[in-house]
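Visitor: below: sequence and its predicted model.
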Amino acid sequence: MTTGTPERVTKTVGRAVVVTGGGSGIGAAIAASFTAHGDRVAVLDRTAAAGIIVVDVGDESSVRAGFAAAREQLGPIDVLVNSAGLLTESDLADMSLAMWNETLTVDLTGIFLCCREVVPDMRRAGWGRIINISSQLGIKGGRGLSHYSAAKAGVIGLTKSLALEVAPDNVLVNCIAPGPIETPLVAGISQQWKAAKMLELPLGRFGRPEEVAPTALLLASDPGGNLFVGQTLGPNSGDVMP
């Protein structure tokens, strides 16, 4: 009869990876990085395109159907990257309730729904990685972006809480809080806002999606990511220095 701690499960390549919002921007760069690493990747996005599973992350039934399709394609999910997001701009005094609710639904509730889909399989497997994309604005706030900043702060809180729940099962949940990145998401923000933000950055420039993707690979790696639990990593051009 043997006793002691069971041998820890490890997974390095060939993993089943789901990336939400993987049709463009940071999500697309992350999906490409996992594919190049040798993992099997399913991309979920609300925009229909070849090879993409169409999902509205703010809709519970759509999320369930999308993850069912991803599991049919890949099997049980090993790694989830929540990169789907929405970014609009308005001073709080002028903001409609519809704008507020839409942002919270996509940027926060969507992450809750997607995390809930994968946690049971990861717990059963004794291995899993969940990486949530937040923003440095969830830490410091941003003018004209109270709805977005609130949602992204919520993502950080959700990440920490879920990490505490599932770390004993070797399911590690962490967060990436990028600074402004040259993506279609940021393209919709006013030039005035972007110019002011550029002046705040010690690095003096916005980042590129391919400069964020390696952080996701690190957090999903084994053993490189094994000690990150409930952490928020910040490739943010120096906008936030914790």
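Guide: Received the coordinates, thanks.

Visitor: list the contacts for the closest residue to residue 151 other than its chain neighbours?
Guide: Spatial nearest neighbour of residue 151, excluding adjacent residues (Cβ to Cβ, 6 or more residues apart in numbering): residue 107 at 3.7 Å. Just so you know, the C-beta spots here come from the backbone N, C-alpha and C atoms, and that holds for glycine as well. By Cβ atoms under 8 Å, 6 or more residues apart in numbering, the residues touching residue 107 are 85-86, 148, 151-152, 155.

Visitor: residue 200 now?
Guide: So residue 200 contacts residue 239 (Cβ under 8 Å, 6+ apart).

Visitor: output the contacts of residue 107 in JSON lines; the columns should cover distance to residue 92 and secondary structure.
Guide: JSON lines is the format used below for the contacts of residue 107 (distance: Cβ to Cβ, whole Å; DSSP: H, G, I helix; E, B strand; the rest coil):
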{"residue": "85", "distance to residue 92": "19", "secondary structure": "coil"}
{"residue": "86", "distance to residue 92": "17", "secondary structure": "coil"}
{"residue": "148", "distance to residue 92": "11", "secondary structure": "helix"}
{"residue": "151", "distance to residue 92": "14", "secondary structure": "helix"}
{"residue": "152", "distance to residue 92": "15", "secondary structure": "helix"}
{"residue": "155", "distance to residue 92": "19", "secondary structure": "helix"}
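
Visitor: and of the residues you listed, the nearest to residue 191?
Guide: residue 148 (17.7 Å; Cβ to Cβ).

Visitor: how deep is the closest one tucked in, by neighbour count?
Guide: Residues near residue 148, counting by other Cβ atoms under 10 Å, number 25.

Visitor: that one touches residue 134, doesn't it?
Guide: No - using Cβ atoms under 8 Å, residue 148 is not in contact with residue 134, being 10.4 Å away.

Visitor: can you tell me the closest non-neighbouring residue to residue 171?
Guide: Leaving aside its sequence neighbours, residue 171 sits nearest to residue 128 (Cβ to Cβ, 6+ apart; 3.8 Å).

Visitor: how about that neighbour, phi and psi?
Guide: phi -170, psi 150 (degrees, to the nearest 10).

Visitor: which pLDDT value belongs to it?
Guide: Residue 128 carries a pLDDT value of 98.

Visitor: wait, what's in contact with it?
Guide: Contacts of residue 128 (Cβ under 8 Å, 6+ apart): 77-80, 118-119, 121-122, 166, 169-172.

Visitor: pLDDT below threshold where in the chain?
Guide: For the chain, the stretches with pLDDT under 70 are 1-6.

Visitor: now do the strands in it.
Guide: 16-20, 40-45, 52-54, 79-82, 128-133, 171-176, 232-233 (DSSP state E).

Visitor: now the ones you listed as TSV including distance to residue 201?
Guide: Output for the strands of the chain, formatted as TSV (distance: least, Cβ to Cβ, whole Å):
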stretch	distance to residue 201
strand 16-20	27
strand 40-45	28
strand 52-54	32
strand 79-82	25
strand 128-133	19
strand 171-176	17
strand 232-233	17
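
Visitor: tell me which of those strands lies nearest to residue 190.
Guide: Closest among the strands of the chain, using Cβ to Cβ: strand 128-133, at 22.3 Å.
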